[in-house]
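[1] Whatever this is, show me its structure:
(one chain, ligands or ions: 1)
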Amino acid sequence: MTKILETSFAGLSLSNPIIVASSGLTNTVQKNKELEKAGVGALVLQSLYEEQLSKQSAELLMKSSYFESGDPALAYLEHNHVDYYLQLIRETKAQCTIPVIGSVNCYKDDSWMDFAQQIESAGADAIELNIFVLSTEIYDEPHFLEKTYIRIAQKVKESVRIPVILKIGKYCNHIVHLVDRLYTIGVSGVVLFNRFYQPDIDINKLQMTSGNLFSSSGEISDTLRWTGIISGELPQMPVAASAGVHDWEDVIKCILAGASAVQICSTLYQNGNEIIAAMKQSMEEWMLHMNFGSITEFQGKLNYAHIEDPSLYERIQFIRYFANRD
Ligand SMILES: Cc1cc2nc3c(=O)[nH]c(=O)nc-3n(C[C@H](O)[C@H](O)[C@H](O)COP(=O)(O)O)c2cc1C
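    Sure thing, here's the model as predicted:
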């Protein structure tokens with residue numbers, strides 16, 4: 001077996017940089033075995049929502065007017081409870097050899113901390129936190145989001161010994177500062193970025209609707225920008241690039257920007273598990289063609305480390321970009 005694609009992320013050794021992102025793709029042992037067979041480097045299990053950890057909150061949510069009967073989210077809230085989740089970790093660990101990362105979608109730092117310990121005891125190799133919170137209130141204090149991320153991460157860090165990974169959204173004021181603080185409190189890696197629910201509007205029904213469930217290739221620009229900035233300014237913090245990574249060239253771009261690994265989701269839903277082998281083969285061919293014998297030989301080659309002021313660099317590119325159009 002070729003080792004040219006080996007890498008590490010958040011203290012985990014991976015045979016290759018392709019991690020399956022948390023989603024319905026990883027919610028059964030059978031699917032996880034198939035993903036391992038297809039050649040992924042690691043997998044993040046579908047998130048358990050903080051609401052599911054408290055029976056009372058789950059029941060309140062299920063009775064709320066947010067859900068109509070038959071809504072698949074109701075079944076998800078009902079069935080993906082703690083015991084199932086812990087069993088999923090145990091069985092996936094028993095049947096797969098690749099790293100398995102547990103995931104919690106949360107917004108508060110209260111009672112669910114016990115669950116972080118249970119994820120660890122069930123055998124997960126790491127825990128990923130998807131902190132889904134938006135600052136929408138006029139009186140939210142500045143840096144509300146950053147403070148929430150740090151408070152939750154700190155509590156989880158105190159509860160477990162396995163690596164803690166933060167999956168970050170794009171809507172923070174100061175991503176570099178946030179990642180620096182996360183590193184200081186011992187977070188082992190960040191995922192840039194989480195892709196939030198995308199709202200849309202139906203102009204005929206005059207209703208709010210859901211936008212695209214899947215990302216498009218174009219979304220990789222922000223992922224590359226911030227991977228390059230974080231990798232340049234905080235090389236000690238491992239980054240898994242995510243959102244808009246659709247093919248092998250995207251993976252190479254993310255590594256050149258400084259990522260240790262990538263997380264993919266939409267492309268797997270759209271193209272099936274077969275895409276993994278094809279991506280890995282093309283990456284290897286490119287590496288041989290470019291004379292790179294390992295991932296570390298080109299990781300971060302195009303990050304922002306050598307640019308004095310990334311914001312100035314971005315402004316110059318911006319001026320150039322529009323100056324060439326009539
Ligand atoms: C159907 C679906 C289910 C998802 N479920 C979760 C989840 O449970 N937890 C989570 O952190 N992210 C979830 N995500 C987000 C993905 O993990 C990923 O961050 C996002 O799709 C961006 O990656 P992509 O551009 O490769 O799709 C989900 C995405 C999709 C499309």
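[2] three-state assignment of residue 191?
    strand (DSSP: H, G, I helix; E, B strand; the rest coil).
[3] Residue 165 looks like it's in a strand, true?
    Yes: judged by three-state DSSP, residue 165 forms part of a strand.
[4] For it, the count of nearby residues, please.
    Neighbours of residue 165 under the rule other Cβ atoms under 10 Å: 29. Glycine gets a C-beta too; all of them are placed from N, C-alpha and C.
[5] bridging residues for it?
    Counting by DSSP bridges, residue 165 forms beta bridges with residue 128, residue 189.
[6] mind listing what it touches?
    10, 101, 126, 127, 128, 129, 187, 188, 189, 190, 191, 240 (Cβ atoms under 8 Å, 6 or more residues apart in numbering).
[7] what residues are up against the nearest residue to the third one once chain neighbours are set aside?
    This means residue 126. Counting by Cβ to Cβ, 6 or more residues apart in numbering, residue 126 lies nearest to residue 163, which is 4.1 Å off, once chain neighbours are set aside. By Cβ under 8 Å, 6+ apart, the residues touching residue 163 are 10, 11, 12, 125, 126, 127, 188, 189.
[8] Enumerate the residues of the stretch 101-250 of the chain near the ligand.
    Neighbours of the ligand within the stretch 101-250 of the chain, by Cβ under 6 Å from any ligand atom: 103, 105, 130, 167, 194-195, 213-215, 242-245.
[9] From those, list just the buried residues.
    Buried members of these, counted by 16 or more other Cβ atoms under 10 Å: 103, 105, 130, 167, 194, 195, 215, 242, 243, 244, 245.
[10] Hmm, the third one is touching residue 194, no?
    Pointing back at residue 130 there. Yes: between residue 130 and residue 194 a contact is recorded at 5.6 Å, counting by Cβ atoms under 8 Å.
[11] intersection of neighbour lists for these two?
    Contacts common to residue 130 and residue 194, judged by Cβ under 8 Å, 6+ apart, are residue 167.
[12] quick one: low-confidence ranges for the stretch 201-326 of the chain?
    The stretch 201-326 of the chain contains no residues with pLDDT under 70.
[13] In it, what residue spans correspond to helices?
    Counting by DSSP state H, counting those that start in this stretch, the stretch 201-326 of the chain has helices at residues 220-233, 248-257, 266-271, 274-289, 310-323.
[14] okay if I get the ones you listed as a markdown table plus mean neighbour count?
    Compiled in a markdown table, the helices of the stretch 201-326 of the chain are given as follows (neighbours: other Cβ atoms under 10 Å):
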| stretch | mean neighbour count |
| --- | --- |
| helix 220-233 | 22 |
| helix 248-257 | 22 |
| helix 266-271 | 17 |
| helix 274-289 | 16 |
| helix 310-323 | 11 |
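[15] re the thing from before, which one among the residues of the stretch 101-250 of the chain next to the ligand gets closest to residue 318?
    residue 244 (19.9 Å; Cβ to Cβ).
[16] Can you give me the distance of the closest one to residue 263?
    11 Å (Cβ to Cβ, to the nearest Å).
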